[in-house]
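Chemist: any chance you could fold what I've pasted below:
(chains A, B, C and D)
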2 protein chains.
Amino acid sequence: MATEKVFHLGPVRVRVNAAGDDAAPRQRLSRERIVDVALAQMKERGYEAVSMRSIAKDLGTGPASLYAHVANKDELDQLLIDRVAGDFPIPEPDPERWDEQLKQSLLDMLTVYRAHPGVARATLGMIPTSPGAMRNAEGVMALCRAGGIPDQLAAWACDMFALYMGAVAIEEDVWRARAAAAGEGGEPLREEDMVAAVHDVFASLPADEFPLLRSLASVMTTGDADDRVGFAVDIMVEGLKALARREA
Amino acid sequence: MATEKVFHLGPVRVRVNAAGDDAAPRQRLSRERIVDVALAQMKERGYEAVSMRSIAKDLGTGPASLYAHVANKDELDQLLIDRVAGDFPIPEPDPERWDEQLKQSLLDMLTVYRAHPGVARATLGMIPTSPGAMRNAEGVMALCRAGGIPDQLAAWACDMFALYMGAVAIEEDVWRARAAAAGEGGEPLREEDMVAAVHDVFASLPADEFPLLRSLASVMTTGDADDRVGFAVDIMVEGLKALARREA
DNA sequence: CGATTGACACGAACACCGTTCGCTAGTAGA
DNA sequence: TCTACTAGCGAACGGTGTTCGTGTCAATCG
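Modeler: Numbering: from 1, shown residues only, chains lettered A, B, ... in the order given. Next comes the predicted model:
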């Protein structure tokens, strides 16, 4: 981008070097830079707060400029997922402890999503065909094979795992955004306040209609996100093993 | 809403009954009607295509009128979920077959979501505190108790089930919307075409990096949505039983 | 060297979104 | 009758993703 101004004096065109303002050379746009900025913004403000305009603003340009590098917002979503999925760790399968490795692998997925708040939201309805996601799937299939899980079960489990872990991450992201929004204008909402509020909902249910939920209000609200995810991961892996035994 | 026109003649105000056009009494707005229209539009065009404006248009008014009945779009989402969750069937627990009942209950959830395309999307980040969802949770807890599942495990399983089944429904909704959008301007995209395309992705992966996925391309793409959901439901219930046995 | 072409950059504008504000009309209660 | 409240709703606000048309620059060709 030249920093020149063009003046028309009748049939004469005059170029004047307008070096007075913003003389520093403007850094060229690229997909990399767009993805960098999008990820940084999502980390800070969540998925919904990131728009083509907000990204362009941080890059010192207008939203239309982004379209020279990404076809549309969907493609940007895909690029974000690709970037993040590249961070999923892939363990070397050990047949003696493949199931523990698998559990850890699923938890690691969530850890990576947590390190990139907002990005999980972009996985909705997206076939995980990015290199990183494919590498992860290959790793899960390898772990299952090391554990003697039939291929078809392993394939379907791959699907389930990706969907569930993505859903957990999405839900956490949405909750974080809601807590931040609710806290605006005052103290940010704390997790224990939200848990207490949910507990009150359960405890206030009519006993004739909801005898279990009402009497189990504390049980329903016991356990943090890690407890629940750890439990769900246990269920999925133990369930997979049970189904494999059933088929053998 | 009176069908009158007011004319100002200097200091004089004249009311004229404008019965000539649209003389039929206008039906009063209500939450019920707003929810009805929103559900109908979502069924036809998907979640993203339904806005306050589109709903208002079908009701023969402007978007601002809706705010006399619903606080905002979030509240409308909540009302939609409430409406749909009311349809979840609640079985009478039979200790001899509680697990089959539980599986069927989960599948029934998906069936209800499928009858209301788009609505699952509104469950994202929503505490399922609507009467319908609470009734469903009570039903799940009752089934688990009939099966001797420890309360804490049952409570966490409730969470997991709701999240996973909602995620499946959302993903199906998103896919349906994508297929419809991709088919615009020509033949709608058929499922087998999409499966073939995904198969090609797997089959085209580099063999050195993705030996399993590449050789198992057919396995990865075998099975329709019901196969995969049935499998996942099996995993979750069998996994829950395995964890309960482990704790006993 | 000048002309042409392709890629990048980007302002203006389009069509849409959720929501608020201010005003009018109708109804119920004092 | 007057007052207060509720419902209805147009205009406008501040935002979204995207397209169109124009200008600039660099590379290539004649």
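Chemist: helix, strand, or coil at A:His69?
Modeler: With DSSP: H, G, I helix; E, B strand; the rest coil as the basis, A:His69 sits in coil.
Chemist: and it, what does it touch?
Modeler: Applying CB atoms under 8 Å, 6 or more residues apart in numbering or on different chains to A:His69 gives the contacts A:Leu29, A:Ser30, A:Arg31, A:Ile34. Yep, even glycine has a C-beta here, placed from its N, CA and C like the rest.
Chemist: now A:Cys158
Modeler: Contacts of A:Cys158 (CB under 8 Å, 6+ apart): A:Ala137, A:Val140, A:Met141, B:Met220.
Chemist: A:Val233 and B:Phe88, how far apart?
Modeler: A:Val233 sits 26 Å away from B:Phe88, going by CB to CB, to the nearest Å.
Chemist: between these two, which one's more packed in?
Modeler: With neighbours defined as other CB atoms under 10 Å in any protein chain shown, A:Val233 and B:Phe88 compare such that A:Val233 has more, 24 against 20.
Chemist: dump the contacts of A:His69 to JSON lines, plus neighbour count.
Modeler: Formatted as JSON lines, the contacts of A:His69 follow (neighbours: other CB atoms under 10 Å in any protein chain shown):
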{"residue": "A:Leu29", "neighbour count": "16"}
{"residue": "A:Ser30", "neighbour count": "12"}
{"residue": "A:Arg31", "neighbour count": "14"}
{"residue": "A:Ile34", "neighbour count": "22"}
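Chemist: widest-spaced pair of those?
Modeler: A:Leu29 and A:Arg31 (8.4 Å; CB to CB).
Chemist: tell me where chain A has strands.
Modeler: A:4-9, A:12-17 (DSSP state E).
Chemist: hey, least reliable of the ones you listed by pLDDT?
Modeler: Sorting the strands of chain A by mean pLDDT places strand A:12-17 lowest, at a mean of 35.
Chemist: what stretches of chain A score poorly on pLDDT?
Modeler: Residue ranges of chain A with pLDDT under 70: A:1-26, A:182-188.
Chemist: hmm, back to that, now intersect the contacts of A:His69 with the helices, please.
Modeler: Mapping those onto helices (DSSP state H) picks out A:Arg31, A:Ile34.
Chemist: any chance of the contacts of A:His69 in CSV, with distance to chain B too?
Modeler: Rendered in CSV, the data for the contacts of A:His69 read as follows (distance: CB to the nearest CB, whole Å):
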residue, distance to chain B
A:Leu29, 28
A:Ser30, 26
A:Arg31, 21
A:Ile34, 23
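Chemist: columns distance to A:Ile170 on top of the contacts of A:His69, output as JSON lines?
Modeler: Output for the contacts of A:His69, formatted as JSON lines (distance: CB to CB, whole Å):
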{"residue": "A:Leu29", "distance to A:Ile170": "29"}
{"residue": "A:Ser30", "distance to A:Ile170": "28"}
{"residue": "A:Arg31", "distance to A:Ile170": "24"}
{"residue": "A:Ile34", "distance to A:Ile170": "22"}
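Chemist: for the contacts of A:His69, which one is nearest B:His199?
Modeler: Distance to B:His199 across the contacts of A:His69 (CB to CB) is lowest for A:Arg31, with 28.1 Å.
Chemist: if I look at that closest one, how far off is A:Trp156?
Modeler: Distance of A:Arg31 to A:Trp156, computed by CB to CB: 34 Å.
Chemist: so which of the contacts of A:His69 are also by DNA strand C?
Modeler: A:Leu29 (CB under 7 Å from any atom of the strand).
Chemist: quick check: longest helix of chain A.
Modeler: helix A:151-182.
Chemist: is it positioned near DNA strand C?
Modeler: No - using CB under 7 Å from any atom of the strand, helix A:151-182 stays clear of DNA strand C, with a minimum separation of 11.1 Å.
Chemist: what angle do that helix and helix B:151-183 make?
Modeler: On the basis of axes from the mean of the first three to the mean of the last three CA atoms, to 10 degrees, helix A:151-182 is oriented at 90 degrees to helix B:151-183.
Chemist: list the contacts for the closest residue in space to A:Ser218 that isn't next to it in sequence?
Modeler: Distances taken as CB to CB, 6 or more residues apart in numbering or on different chains put A:His199 closest to A:Ser218, at 6.9 Å, once the chain neighbours are dropped. A:His199 makes contact with A:Ala217, A:Ser218, A:Met220, A:Thr221 under the criterion CB under 8 Å, 6+ apart.
Chemist: ok, now which ones touch the third one?
Modeler: With contact set as CB under 8 Å, 6+ apart, A:Met220 has these partners: A:Val198, A:His199, A:Phe202, A:Leu213, B:Ala155, B:Cys158.
Chemist: state the distance from A:Gly148 to A:Ile90.
Modeler: Here A:Gly148 is placed at a distance of 20 Å from A:Ile90 (CB to CB).
Chemist: those two: which has the busier surroundings?
Modeler: The neighbour count for A:Gly148 versus A:Ile90, taken as other CB under 10 Å, is higher for A:Ile90 (16 against 13).
Chemist: would you confirm that the more buried one contacts A:Ala137?
Modeler: No - using CB atoms under 8 Å, A:Ile90 makes no contact with A:Ala137, being 10.0 Å away.
Chemist: measure how buried A:Ala203 is and give me the count.
Modeler: Neighbours of A:Ala203 under the rule other CB under 10 Å: 15.
Chemist: typo on my end, A:Tyr67
Modeler: Neighbour tally, A:Tyr67, other CB under 10 Å: 11.
Chemist: same question, A:Arg228
Modeler: By the criterion of other CB under 10 Å, A:Arg228 has 18 neighbours.
Chemist: and A:Gly60, by the same measure?
Modeler: A:Gly60 has 11 neighbouring residues, counting by other CB under 10 Å.
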